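Peer 1: generate a structure from the sequence data that follows.
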Amino acid sequence: MTASADGALTCRKAAFSLDPDECWLDSAYMGPLPDRVRDAGMAAIAARAFPVGITAADFFEPAERVRGMLARLVGADPEHVAFVTTATSGFALLAKNLEPRAGANVVLLGDQFPSNVYPWRRWRGLGVELRMIDAPDGPLRSGDGRLGRAERWNDALVAAIDERTMLVSIEQAHWTDGTLFDLARIGARCRDVGAVFAVDATQTAGAMPIDVEALGIDVLVVHCYKSMLSSYGLGFVVLSERFADGRPLDEGWLVRAGSENFAGLVDYQDRYAAGMRRYDTSLRSNGMLIGMLGAACELLLEWQPARIRDYLLGIEAGFAERVAASGFEIAAPVDRAANLFGVRLPPGLAPAAVREALAARRIRVSVRGGSVRVAPHVFNDEADLARLAGALEALV
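Peer 2: Just a heads-up that it's a prediction; the model follows:
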């Protein structure tokens with residue numbers, strides 16, 4: 001069963017082949033492969049070993065099926081979905097289709113993931129200002145008349161957007177500690193000033209809701225090996241109509257009109273395939289990668305992103321209360337992702353030392369910035385969080 005009698009999601013540990021002695025709470029580093037996803041990859045490799053059964057249709061039909069599922073997961077039109085190799089290639093595609101203007105500015109998050117920073121740093125030599133909006137100091141949660149950290153960070157971000165802003169390129173949840181950003185509010189401000197609104201959802205897609213069309217996101221970038229539980233090397237972007245006539249990274253044959261007809265490939269075409277397919281990477285035709293991504297999409301659509309978030313918040317509730325009594329601090333659920341959150345340590349504990357001590361107990365987390373980053377997914381349960389809580393209490 002995938003859900004309880006009331007429709008809530010239940011633990012999906014049985015869908016994975018995990019070492020029962022290991023407590024994997026590090027899916028923000030790399031999501032384990034569900035058995036169905038692993039098997040899809042192995043089946044594709046077996047077929048590729050002797051490709052007599054691989055036809056021209058296999059270069060197109062699996063990608064179109066997966067394109068439709070990706071669109072359903074993120075609230076997009078399938079015609080606006082394109083396949084990319086990585087988040088880096090997604091932002092490179094965006095950079096290629098924007099013209100930097102001297103005197104303009106780009107608004108980013110402090111300590112943002114570098115794939116979404118390096119393309120814009122190059123623009124500084126062209127007179128573009130980079131506005132890095134750092135996380136505010138102070139407590140994570142609201143109280144005593146003071147706003148919580150997430151709300152203050154969102155306020156500072158919106159305040160940095162002005163009439164000279166040409167691009168706001170942020171994350172749905174900050175990759176170091178899961179801080180959530182108010183995409184509806186930020187997107188509305190971008191539309192007010194005519195700025196392009198780009199969002200990196202590599203850490204959150206599939207594990208929490210996002211609706212590209214409702215939020216007015218111009219570019220959504222996702223690499224699918226973390227929260228989406230697929231393989232490294234194939235991700236996707238969703239692009240608004242403002243990029244309908246843009247320039248792809250590569251001038252591939254696969255994305256030209258009529259390329260389904262292999263016998264006519266030398267009848268060269270200047271026209272691209274419909275929608276945003278002009279931007280597709282040729283790796284969409286890699287049977288292993290597209291097969292694994294398709295299997296992952298099937299599972300995520302079955303489990304549903306909103307139910308995944310609710311399930312994770314449920315198994316984390318007791319953990320957050322328990323470790324708070326020992327001096328650890330975690331943001332309120334409304335302010336953070338459920339599949340990715342930071343644990344702020346009490347005085348005297350260093351994040352790297354805590355990670356090493358937890359690894360010795362076979363509890364796997366990451367350190368990002370000044371936080372211990374905890375990243376559960378559907379295979380985790382309350383026992384895993386209790387195991388982590390006990391280990392943290394022992395360190396204190």
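
Peer 1: quick one: residues in contact with the longest helix along the chain.
Peer 2: Ranked by residue count, the top helix of the chain under DSSP state H comes out as helix 305-324. Outside helix 305-324, the residues that touch it by C-beta atoms under 8 Å, 6 or more residues apart in numbering are 3, 7-11, 73, 205-210, 300, 330, 333, 337-339, 341, 343, 376-378, 380-382, 384-386, 388-389, 392-393. Every C-beta, even on glycine, is put in place using the N, C-alpha and C of the backbone.

Peer 1: out of those, which sit inside helices?
Peer 2: Filtering the contacts of helix 305-324 for helices - DSSP H - leaves 73, 300, 382, 384, 385, 386, 388, 389, 392, 393.

Peer 1: if I look at the first one, how far off is residue 304?
Peer 2: Which is residue 73. For residue 73, the distance to residue 304 (C-beta to C-beta, to the nearest Å) stands at 9 Å.

Peer 1: before we move on, what about the third one?
Peer 2: Distance of residue 382 to residue 304, computed by C-beta to C-beta: 20 Å.

Peer 1: so these two - more neighbours on which side?
Peer 2: residue 304 (18 against 15; other C-beta atoms under 10 Å).

Peer 1: show me the contacts for that one.
Peer 2: Contacts of residue 304 (C-beta under 8 Å, 6+ apart): residue 9.

Peer 1: how is the protein divided into domains?
Peer 2: 13-34+305-395, 56-302 (automatic domain parsing).

Peer 1: nearest to residue 46 among those would be which one?
Peer 2: domain 56-302 (9.9 Å; C-beta to C-beta).

Peer 1: longest strand in the chain, please.
Peer 2: strand 165-171 (DSSP state E).

Peer 1: off-centre distance for that one?
Peer 2: 16 Å (C-alpha atoms, centre = their mean, to the nearest Å).

Peer 1: tell me the helix or strand right after that strand.
Peer 2: helix 183-193 (DSSP states H and E).

Peer 1: touching that next one from outside, list them.
Peer 2: Contact with helix 183-193 is made by 154, 157-158, 161-163, 165, 168, 170, 172, 196-197, 199, 210, 214-218, as judged by C-beta under 8 Å, 6+ apart.

Peer 1: looking at that helix now, give me its mean pLDDT.
Peer 2: Helix 183-193 shows a mean pLDDT of 98 in the predicted model.

Peer 1: now do the helices in the stretch 1-150 of the chain.
Peer 2: Here the stretch 1-150 of the chain has its helices, by DSSP state H, counting those that start in this stretch, at 35-49, 61-74, 87-96, 118-121, 149-160.

Peer 1: next, the buried residues of the last one.
Peer 2: Residues of helix 149-160 classed as buried under the neighbour-count rule (16 or more other C-beta atoms under 10 Å) are 149, 150, 152, 153, 154, 157, 158, 160.

Peer 1: same deal with the second one?
Peer 2: Of the residues in helix 61-74, those scored as buried under the neighbour-count criterion (16+ other C-beta under 10 Å) are 62, 63, 66, 67, 69, 70, 71, 73, 74.

Peer 1: now do the last one, the pLDDT please.
Peer 2: Residue 74 carries a pLDDT value of 98.

Peer 1: contacts only, for it.
Peer 2: Taking C-beta under 8 Å, 6+ apart, one finds 201, 205, 210, 211, 212, 220, 222, 238 in contact with residue 74.

Peer 1: mind checking how far it is from residue 37?
Peer 2: From residue 74 over to residue 37 (counting by C-beta to C-beta), the distance is 19 Å.

Peer 1: and the fifth one, by the same measure?
Peer 2: Distance check for residue 69 against residue 37: by C-beta to C-beta, it reads 13 Å.

Peer 1: what does residue 364 give?
Peer 2: 20 Å.

Peer 1: looking at these two, which has the bigger crowd around it?
Peer 2: residue 37 (26 against 18).

Peer 1: quick one, what contacts the more buried one?
Peer 2: 229, 230, 231, 292, 295, 296, 299.

Peer 1: widest-spaced pair of those residues?
Peer 2: The distance between the two most remote of the contacts of residue 37 (C-beta to C-beta) is 13.8 Å, for 231 and 299.

Peer 1: picking that back up, so which of the contacts of residue 37 comes closest to residue 106?
Peer 2: Distances from residue 106 to those, taken by C-beta to C-beta, are shortest for residue 230, at 29.8 Å.

Peer 1: who's in contact with that closest one?
Peer 2: 31, 33, 37, 224, 292, 293, 295, 296.

Peer 1: got a ChimeraX select line for the buried ones in those residues?
Peer 2: The ChimeraX selection below is limited to those of the contacts of residue 230 classed as buried (16+ other C-beta under 10 Å):
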select :31,33,37,224,292,293,295,296
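
Peer 1: would you point out the most distant pair within the contacts of residue 230?
Peer 2: 31 and 295 (13.0 Å).

Peer 1: show me the shaky parts of the stretch 1-150 of the chain.
Peer 2: 1-5 (pLDDT under 70).

Peer 1: residue 256 contacts residue 269, correct?
Peer 2: Yes. Counting by C-beta atoms under 8 Å, residue 269 is a contact partner of residue 256 at 4.4 Å.

Peer 1: more neighbours, the two?
Peer 2: residue 256 (19 against 14).

Peer 1: is that one in a bridge, and if so with what?
Peer 2: Beta bridges link residue 256 to residue 272, judged by DSSP bridges.

Peer 1: need the contact list for it.
Peer 2: 268, 269, 271, 272, 273.

Peer 1: all set now, cheers.
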